[in-house]
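Chemist: Could you look at this predicted model? Sequence included:
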Amino acid sequence: MIGDYTYDQFFSILAMQGFAGLILFSVFVLMALGLAIIFGQMGVINMAHGEFMILGAYVTWGVSLFVTSFAPALFPIYFFFAMALAFCASFTLGVFVEWAMIRHLYRRPLDTLLATWGLSLILQQTYRSVFGAREVGVSLPDWMMGSLPLTDIIEVPINGLFVMALTTIIAVAVALLMYKSRWGKQVRAVTQNRVMAGAVGIDTKRVDRMTFGLGCGIAGIAGSAFTMIGSTGPTAGQLYIVDTFLVVVFGGAGSLIGTIASAFAISQAQSTMEFFLSGSMAKVLTLLTVVGILMLRPQGLFTLKIRR
Amino acid sequence: MTDDIPAKGPYTLNRRKLLAAMATIPALGMLGSSRVFAQDTSTAAVNTTGLAITDTEVTVGILHSVTGTMAISETGSVQAEILAIEQINALGGVLGRQIKYIQEDGASDWPTFAEKAKKLLVQDKVASVMGCWTSASRKAVLPVFEQYNGMLYYPTFYEGLEESPNVIYTGQEATQQILAGIDWVVDTKGAKSFYLLGSDYIWPRTSNKIARKHIEMKGLKVVGEEYYPLEHTQFNSVINKIKLTKPDVIYAIVVGGSNVAFYKQLNAAGIDLTKEAPLLLTISVTEDEVLGIGGENIVGAYAAMKYFQSLENDNNKAFVEAFKARWGDGIVIGDVTQAAYLGPWLWKAAVEKAGSFDVDKVREASPDIELTTAPEGYVKVHENHHLWSKLRIGHARLDGQYDVVYETADLMEPDPFPEGYQ
């Protein structure tokens, strides 16, 4: 016996909480990746990140409505089109925002903070005017709902597995793009030394625009995936923004590995504590720990050495 | 799917909508006391305190959030209040005066609510205000209403522990929603153990406190009590705890975006609510919330409310028809929306009983006002400014509506300060 539980129960708890922690980890990585790219590579703090996610969610909702009315046969697999479209929509909006707003503010980080916060308010009210103030329900194909029973206590939610798989694919794709492709090399060159990169013929403006667009596009995919586990409404993006920033800042700006490590640490700490304490207390303790560590290590867990 | 509510200013009826509103007149004609007094209704006589009242018009205020986080919930209330006002106007208004409304936006921000309340009372001199939704917004405007002696009709079910002379509470206070619901689940479902779950703020905490007392007084067991921050979106841990403690009943008071996440993840974790093992009883999910949650994620759950859209009676049939004619077919009506609809009617009845728009006289006339035409059935105002009402249990269907499976035989007395439960 451990506490009130038998050994059997205790191992079930460990297994289930392990899964819960892994799912939370995937969710954190997925929401933070886009922000980490933008923040890390460009130094832009994108307060409208949550709203780009919700754009993806609304696109998914739109596709689900379209498919149910015009092509019901495709319903079981519509989610994949929806994610692709969500990426395109958020990417396009991201590129447009970069062109119209962000590029004028590169040397003024505090102003980008304010400007993107304003943008998030504008987007929220736009969603409210276009889609209505009420939340919309995104219906999912049957195969994506429910769970796989492993034992009579341990069950693994299918949508959790889906998010985990998606996160892995996207994280690997981003890593390949950043560290193996020509374009990634350019991005890193611009991050390390903008003037020199320009001097050797890299179109830094174009790189900036694509980087911002890519970050926003990944946010769109995340938003699309989160219709499975959360709500879709004009202000739902706000639900994610705090955790997202927490993960990125704790991980150390500019480091993908840092983002992943910090997502892992925070998610495991939180889901373990949630089990033994109450939800609110777990949150308080997690935040306190993060604050404590950041006081000792202000640059975050991992950092890149770059020339400013 | 847009809810185009004009942010401000008087609303002019178009003909189709007017016809729709007129269609419900026969049912509403019997409303309240249709006594014909040989009374003096000149403006000087019915308005001694300088409210915005002319010989043909009386101005009231509507104060809800149509922007910001709370717009999702408050939209329905605004729609209901506008519908009620239009219907009253189509019937000839109040004391021979058409109601004109000024709508202000609280913007989901509590200081804004207070500021707008002050503007409505001081600058616009409105005769009454229909408004507020969250307890926080009500607490913010309360000092304003008490200082400038306004009258607020507040629609939301809430935690109780309040009884202001300047507020009429048209929703249930906590005991009206909780006690009978728990009695029902114990008596008919034989529940023995409960898991209490809520969002972390005053309403769920106060409500669960009352629920816990009631459960323990029956000699039954609370096996867990948990609160999660309002913006929480990950419920896997608490779902695991529920699986381990195996309660008979999950008593859920989760609100907002968290609500959607909770039910989606509950379903995904393999807890099929239709099997009732455990059974889920909630006091925070109306038809409005189900829109976002999705019927397939909540089918089989039970909700304790005083009103469901599917309620079968003639008043409700007329109400639902008029509401859809005015705001669109796809719309759903939840408990609070119905309570908001009662506000203008209760005010009209009180004004007519008092023969005056003066706030003091309306207040004096308010207790014992009855509505026989309320969609929820008969309601009556208690001396403590809350309503006598019934409690009903709804069983969630796949299509997002509820089947009413139980209703209390008698009206329940509102008791905002329940002894032994604090």
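Modeler: Looks like it arrived, so ask away.

Chemist: What is the end-to-end distance of stretch A:226-238?
Modeler: 13 Å (CA to CA, to the nearest Å).

Chemist: Repeat that for stretch B:217-231.
Modeler: This stretch, stretch B:217-231, spans 33 Å end to end (CA to CA).

Chemist: Show me the contact partners of that stretch.
Modeler: For stretch B:217-231, the external contacting residues (CB atoms under 8 Å, 6 or more residues apart in numbering or on different chains) are A:238-239, A:242, A:278-280, A:283, B:182, B:186, B:191-201, B:204-205, B:208, B:212, B:215-216, B:235, B:238, B:241-242, B:245, B:247, B:254-258, B:420. No exception for glycine: its C-beta is placed from N, CA and C like everyone else's.

Chemist: Please pick the buried ones from the residues you listed.
Modeler: A:238-239, A:278-280, A:283, B:182, B:186, B:191, B:193-201, B:204-205, B:208, B:212, B:215, B:235, B:238, B:241-242, B:247, B:254-258 (16 or more other CB atoms under 10 Å in any protein chain shown).

Chemist: Quick check: the gap between A:S120 and chain B.
Modeler: Separation of A:S120 from chain B (CB to the nearest CB, to the nearest Å): 13 Å.

Chemist: circling back to that earlier point, restricted to helices, list the buried ones among the contacts of stretch B:217-231.
Modeler: Within those, residues falling in helices by DSSP state H are A:238-239, A:279-280, A:283, B:182, B:186, B:204-205, B:208, B:212, B:215, B:238, B:241-242, B:256-258.

Chemist: Identify the residues contacting whichever residue of chain A sits closest to chain B.
Modeler: For chain A and chain B, the shortest gap (CB to the nearest CB) falls at A:E135, measuring 2.8 Å. For A:E135, the contacting residues are A:S231, A:T232, A:G233, A:A236, B:I72, B:G257, B:V260, B:E289, B:L291, B:G292, by CB under 8 Å, 6+ apart.

Chemist: Dihedrals phi and psi, the second one?
Modeler: In terms of degrees, to the nearest 10, the main-chain angles of A:T232 are phi -120, psi 110.

Chemist: sorry, back to before: could you look up the SS state of the closest residue to the residue of chain A closest to chain B other than its chain neighbours?
Modeler: The shortest distance from A:E135 to any non-neighbouring residue, by CB to CB, 6 or more residues apart in numbering or on different chains, is to B:G292 (2.8 Å). Counting by DSSP: H, G, I helix; E, B strand; the rest coil, the backbone at B:G292 sits in helix.

Chemist: Wait, B:G292 touches A:P234, no?
Modeler: No: with contact defined as CB atoms under 8 Å, B:G292 does not count as touching A:P234 (11.3 Å).

Chemist: Please say which of the two ends up with more neighbours.
Modeler: Counted by other CB atoms under 10 Å in any protein chain shown, B:G292 and A:P234 do not tie: A:P234 has more neighbours, with 28 against 25.

Chemist: how about that one, what does it touch?
Modeler: A:I54, A:Q124, A:Q125, A:Y127, A:R128, A:F131, A:A133, B:A71, B:I72.

Chemist: Pretty sure B:M70 is one of the things the fifth one touches, is it not?
Modeler: No: shown here, A:R128 and B:M70 do not form a contact pair, counting by CB under 8 Å, at 11.5 Å.

Chemist: Show me the common contact partners of those two, please.
Modeler: Overlap between the contact sets of A:R128 and B:M70, as judged by CB under 8 Å, 6+ apart, is nil.

Chemist: Would you mind naming the residues that bridge with B:A252?
Modeler: B:A252 has these beta-bridge partners by DSSP bridges: B:L197, B:T282.

Chemist: Look up how far chain A lies from it.
Modeler: 13 Å.

Chemist: in stretch B:111-126, what's buried?
Modeler: B:112-121, B:124-126.

Chemist: Show me what the helix or strand in which A:A219 is found is packed against.
Modeler: A:A219 belongs to helix A:204-226 when assigned by DSSP states H and E. In this structure, helix A:204-226 packs against helix A:7-42, helix A:49-70, helix A:78-100, helix A:158-180, helix A:182-192, helix A:194-199, with contacts taken as 3 or more CB pairs under 8 Å, 6 or more residues apart in numbering or on different chains; DSSP states H and E.

Chemist: which residues are in contact with stretch B:197-209?
Modeler: Outside stretch B:197-209, the residues touching it (CB under 8 Å, 6+ apart) are A:279-280, B:135, B:158-161, B:174, B:177-178, B:196, B:224-230, B:232, B:238, B:250-256, B:258, B:262, B:283-284, B:421-422.

Chemist: List buried members of these by neighbour count.
Modeler: Buried among the contacts of stretch B:197-209 by 16+ other CB under 10 Å: A:279-280, B:135, B:158-160, B:174, B:177-178, B:196, B:224-230, B:232, B:238, B:250-256, B:258, B:262, B:283-284, B:421.

Chemist: Hmm, B:I85 and B:Y341 touching each other?
Modeler: No: counting by CB under 8 Å, B:Y341 does not reach B:I85; the two are 10.0 Å apart.

Chemist: Now do the same for the most centrally placed residue in chain B: its pLDDT.
Modeler: Nearest residue to the geometric centre of chain B (CA atoms, centre = their mean): B:V336, 2.6 Å. pLDDT for B:V336: 95.

Chemist: cool, and the one 3 residues further on?
Modeler: As predicted, B:A339 sits at a pLDDT of 96.

Chemist: What is the burial count for it?
Modeler: 29.

Chemist: Look at it and give its secondary structure.
Modeler: helix.

Chemist: what's near enough to touch it?
Modeler: Contact partners of B:A339, counting by CB under 8 Å, 6+ apart, are B:P155, B:T156, B:F157, B:T170, B:G171, B:K306, B:Y307.

Chemist: ok so, going back, can you give the distance of the helix holding A:A219 from its chain's centre?
Modeler: Mean-position distance between helix A:204-226 and its chain equals 11 Å (CA atoms, centre = their mean, to the nearest Å).

Chemist: Would you mark the buried spots in that helix?
Modeler: A:204, A:207-226.

Chemist: got the buried residues of stretch B:111-126 as JSON lines, with distance to chain A columns?
Modeler: Output for the buried residues of stretch B:111-126, formatted as JSON lines (distance: CB to the nearest CB, whole Å):
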{"residue": "B:T112", "distance to chain A": "14"}
{"residue": "B:F113", "distance to chain A": "17"}
{"residue": "B:A114", "distance to chain A": "21"}
{"residue": "B:E115", "distance to chain A": "19"}
{"residue": "B:K116", "distance to chain A": "18"}
{"residue": "B:A117", "distance to chain A": "21"}
{"residue": "B:K118", "distance to chain A": "25"}
{"residue": "B:K119", "distance to chain A": "22"}
{"residue": "B:L120", "distance to chain A": "22"}
{"residue": "B:L121", "distance to chain A": "26"}
{"residue": "B:D124", "distance to chain A": "24"}
{"residue": "B:K125", "distance to chain A": "29"}
{"residue": "B:V126", "distance to chain A": "24"}
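
Chemist: on that earlier part again, of the helices and strands packed on helix A:204-226, which is nearest B:A374?
Modeler: Evaluated with CB to CB, the helices and strands packed on helix A:204-226 place helix A:49-70 nearest to B:A374, the distance being 35.1 Å.

Chemist: Report all helices and strands that that closest one contacts.
Modeler: On a contact count with 3+ CB pairs under 8 Å, 6+ apart, helix A:49-70 meets helix A:7-42, helix A:78-100, helix A:109-131, helix A:204-226, helix A:238-251.
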